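Peer 1: Sequence first, then the predicted structure, then my questions.
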Amino acid sequence: IVLAENAHFKYPVKFGSKEREVFLQGRAYFEIKPDRKHPFVISTNNTNIKVLGTKFLVDASNSRQERVVVDEGKVALSPINSLPEKTVFLTRNAIGTWNANDNQITVCENYDANINSALSGRLSFTDTPLKVIIKDFERHYQVKIELTDKSLESRKYTGTFSHVDPEKTLGIISMSLNISVEKNGNIYIIRP
């Protein structure tokens, strides 16, 4: 479990015999192994998330809208104190959003492979243009990148990085795309 800044996470000293139940306020990224005898349940102010073995982000930082973004596996999401038929099952690349206005959950597909990267530590690119890689990279590492030649924006890269520092990641991408990267203070500059 990786907690975002200002997140609050509560768990018992010892889990109960039936469930592993925790409470979250804020944002957190979870990687949970399946255990059918002891399901992992996350309660927020407004929703319950039953984990069926997966990697996912829970964003319960807004009391009017909560979101679960699934990277792998499957979770069951339901409004708190709701009937079982309101439960929604989310699988890989799904986003479930609970809305306070109608106490309903909507589901949509996640088109941003790196939406959880800041907390998961993973960046993944599949035939991704350099322009998009730069935006994801800046968001993930909280750095600034300048591209000196706009013609490079359309060059595409495929690869996955997990908990790798920015210099190493940019070095690998630059070798693959035959570009150069230099660091000037807090800014990375990409040249042909």
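Peer 2: Thanks, I have the structure now.
Peer 1: tell me which helix or strand of this protein sits lowest on mean pLDDT?
Peer 2: Every helix and strand in the chain was compared by mean pLDDT, DSSP states H and E; the lowest is helix 117-120, with a mean of 85.
Peer 1: what's the offset of it from the middle of its chain?
Peer 2: From the chain centre to the centre of helix 117-120 is a distance of 5 Å (Cα atoms, centre = their mean, to the nearest Å).
Peer 1: same for it, what does it pack against?
Peer 2: strand 20-32, strand 47-62, helix 130-141 (3 or more Cβ pairs under 8 Å, 6 or more residues apart in numbering; DSSP states H and E). Placement of C-beta: from N, CA and C, glycine included.
Peer 1: what does the last one rub up against?
Peer 2: With contact meaning Cβ atoms under 8 Å, 6 or more residues apart in numbering, helix 130-141 is reached by 114, 117-118, 123, 125, 128, 143-145, 147, 152-157, 166, 169-170, 173, 177, 179, 190.
Peer 1: Show me how to select, in ChimeraX, the buried members of these.
Peer 2: Applying 16 or more other Cβ atoms under 10 Å to the contacts of helix 130-141 leaves a buried subset, and the ChimeraX line that selects it is:
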select :114,117,118,123,125,128,145,147,152,155,157,166,169,170,173,177,179,190
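Peer 1: what number of residues lie near Arg92?
Peer 2: Residues near Arg92, counting by other Cβ atoms under 10 Å, number 14.
Peer 1: Can you check what pLDDT the model gives the spatially most central residue of the chain?
Peer 2: In the chain, the centroid-proximal residue (Cα atoms, centre = their mean) is Asn116; its distance is 1.7 Å. At Asn116, the model reports a pLDDT of 87.
Peer 1: OK, contacts around Phe23?
Peer 2: Going by Cβ under 8 Å, 6+ apart, Phe23 touches His8, Phe9, Lys10, Tyr11, Ile42, Ser43, Thr44.
Peer 1: Looking at those, which two lie furthest apart in space?
Peer 2: Based on Cβ to Cβ, the longest span within those runs between Tyr11 and Thr44 and measures 13.7 Å.
Peer 1: Who has more neighbours out of these two?
Peer 2: Each of Tyr11 and Thr44 has its neighbours counted (other Cβ under 10 Å); Thr44 has more, 20 against 12.
Peer 1: any idea how far the residue nearest to Ser61 when sequence neighbours are not counted is from Asp59?
Peer 2: Among residues not flanking Ser61 along the chain, Gly26 sits closest, at 4.9 Å (Cβ to Cβ, 6 or more residues apart in numbering). In this view, Gly26 and Asp59 are 8 Å apart by Cβ to Cβ, to the nearest Å.
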